[in-house]
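S.K.: Kindly return the folded structure for what I paste below:
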Amino acid sequence: MPKGFAGMGFKDLRLMNQAMLARQAWRLIAFPDSLCARVLRARYFHDGKLLERGPAGDASQTWRTVEYGLDLLKQGVISRIGDGRSTQIWRDNWLPRGYGLKSVGPRRSCRLRWVRHLIDDNGSWDETAIRRYFFPCDVSEILKIKLPVNSSADFVAWHYEKSGTFSVHSAYRLALHSHYGVGDTGGSSNSEQGRAGWKKLWQVKVPSKVSVFAMKIVSNGLPTRVNKKYRHLEQQDTCQLCGQQAEDAYHALVVCPHALALRQPMRDHWRLPAEHTLFWTGPDWLLMLVHNNSLEVLANLFMLLWHTWNIRNKMIHENIVPFLAGSVTYLTRYMHSLLNIRQQGEVEDQKGKRSLEITGGWH
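M.R.: Numbers count the residues shown, from 1 in each chain. Okay, the predicted model is just below:
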């Protein structure tokens, strides 16, 4: 999933699989005389109109996979207008714009069916009819289409490549847009501000393990007592360190007295978000902080939250209570080492490991 959608930047394998299956459906259109196309056409689309074919009730598993790819293919194919005789005005994709290749619908009752009805005897667009039956957003797109000087038949092309030829890469981008990028599902993580926050989160210059930790906070993926109780792994959700409130990520990292005890002395060494801004704003409280603070402040905050969680684990699972001064020393020296490495421009070794000469403090 893309980093802007609460992911780690890896490809969505399900959508990639659909994009590759869409290529197989495209080959049935591009190579209609191939043996595979002729066999499937004889069984499933006798009239040769693959793009108008609905789901088959008694299809084989092979055809089911083609239909799965065909669902994506139908979103990206477009009819390039020649004489307009084979392109239906209200059903086919034929308006070359970013997304939504069909007309939004007629402004008034209209009996026109084929695009050829919008072309006058001189081979130009009938602007009067177009403005009469189409909404302005469609009118501007239709009039941009250049009609061929010599009459030629309409043909099918892939809209998202300049060459008109299908590619898995552009089909995958279309699948991502359709699955993640259209509309707002209600949570701020999927809104424009939320997506910008996710991208900024991954831009913070901290070790990868700390970035992943921050991602888990926003995704509610930390094994807090609240999450464990929800999954029936714990009977109680009360914080084991303070015993005052239910332990979710916000409590464990911000509200708990043990978190506050470390945060206060760290303010003498680091720039951190003001205390009055560390209030609960909902499940996306960390994304709100990401949106409102600089990358430098966020790097300090992420490192602090990460170390606070490590201390919490040591105290609960190993009965080790680290010295507060040791934790402050550890964090300041850790960040100092990271800054020195970046300033010196040293290249990491092939395994991506590096020893950070940190002395003193608790690890």
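S.K.: so what pLDDT did residue 360 get?
M.R.: On pLDDT, residue 360 comes in at 48.
S.K.: give me the low-pLDDT residue ranges for the chain?
M.R.: Applying pLDDT under 70 to the chain flags the ranges 1-9, 180-194, 345-363.
S.K.: Show me what counts as buried in stretch 241-254.
M.R.: The neighbour-count check on stretch 241-254 (16 or more other CB atoms under 10 Å) flags 241, 242, 247, 248, 249, 250, 251, 252, 253, 254 as buried. Every C-beta, even on glycine, is put in place using the N, C-alpha and C of the backbone.
S.K.: for stretch 120-127, that is, sorry about that
M.R.: Neighbour count says stretch 120-127 has residue 125 buried, by 16+ other CB under 10 Å.
S.K.: Ok, stretch 263-283 next?
M.R.: So for stretch 263-283, counting by 16+ other CB under 10 Å, buried means 263, 266, 270, 272, 273, 278, 283.
S.K.: Same question for stretch 88-104.
M.R.: Buried, per 16+ other CB under 10 Å, within stretch 88-104: 89, 92, 93, 94, 95, 96, 101, 103.
S.K.: show me the residues around the last one that make contact.
M.R.: This points to residue 103. 89, 90, 95, 134, 138 (CB atoms under 8 Å, 6 or more residues apart in numbering).
S.K.: can I get those residues in TSV with distance to residue 223?
M.R.: Output for the contacts of residue 103, formatted as TSV (distance: CB to CB, whole Å):
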residue	distance to residue 223
89	56
90	53
95	50
134	56
138	52
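S.K.: Out of these, flag the one nearest to residue 211.
M.R.: The closest of the contacts of residue 103 to residue 211 turns out to be residue 95 (CB to CB; 41.4 Å).
S.K.: So the closest one lies in a strand, does it not?
M.R.: No: counting by DSSP: H, G, I helix; E, B strand; the rest coil, residue 95 is not part of a strand but coil.
S.K.: Quick check: closest non-adjacent residue to it.
M.R.: Closest residue in space to residue 95, ignoring its immediate chain neighbours: residue 141 at 4.6 Å, by CB to CB, 6 or more residues apart in numbering.
S.K.: Could you verify my assumption that that neighbour touches residue 100?
M.R.: No: here residue 141 lies out of contact with residue 100, judged by CB atoms under 8 Å, at a distance of 9.9 Å.
S.K.: Check the buried residues of stretch 241-254 against residue 195 and report the nearest one.
M.R.: Of all those, the one sitting nearest residue 195 is residue 249; the distance, using CB to CB, is 20.8 Å.
S.K.: give me phi/psi at the closest one?
M.R.: Dihedral pair for residue 249: phi -60, psi -40, per degrees, to the nearest 10.
S.K.: My read is that it contacts residue 217, right?
M.R.: Yes: if you go by CB under 8 Å, residue 249 and residue 217 touch, sitting 5.2 Å apart.
S.K.: quick one, what contacts residue 101?
M.R.: Here residue 101 is in contact with 75, 78, 93, 94, 95, 159 (criterion: CB under 8 Å, 6+ apart).
S.K.: May I ask which helix or strand encompasses it?
M.R.: Under DSSP states H and E, no helix or strand contains residue 101.
S.K.: what does residue 78 give?
M.R.: Per DSSP H and E: strand 77-80 holds residue 78.
S.K.: tell me what the helix or strand following that strand is packed against?
M.R.: Counting by DSSP H and E, the next helix or strand C-terminal to strand 77-80 is helix 127-133. The contact analysis (3 or more CB pairs under 8 Å, 6 or more residues apart in numbering; DSSP states H and E) places helix 127-133 against helix 136-144.
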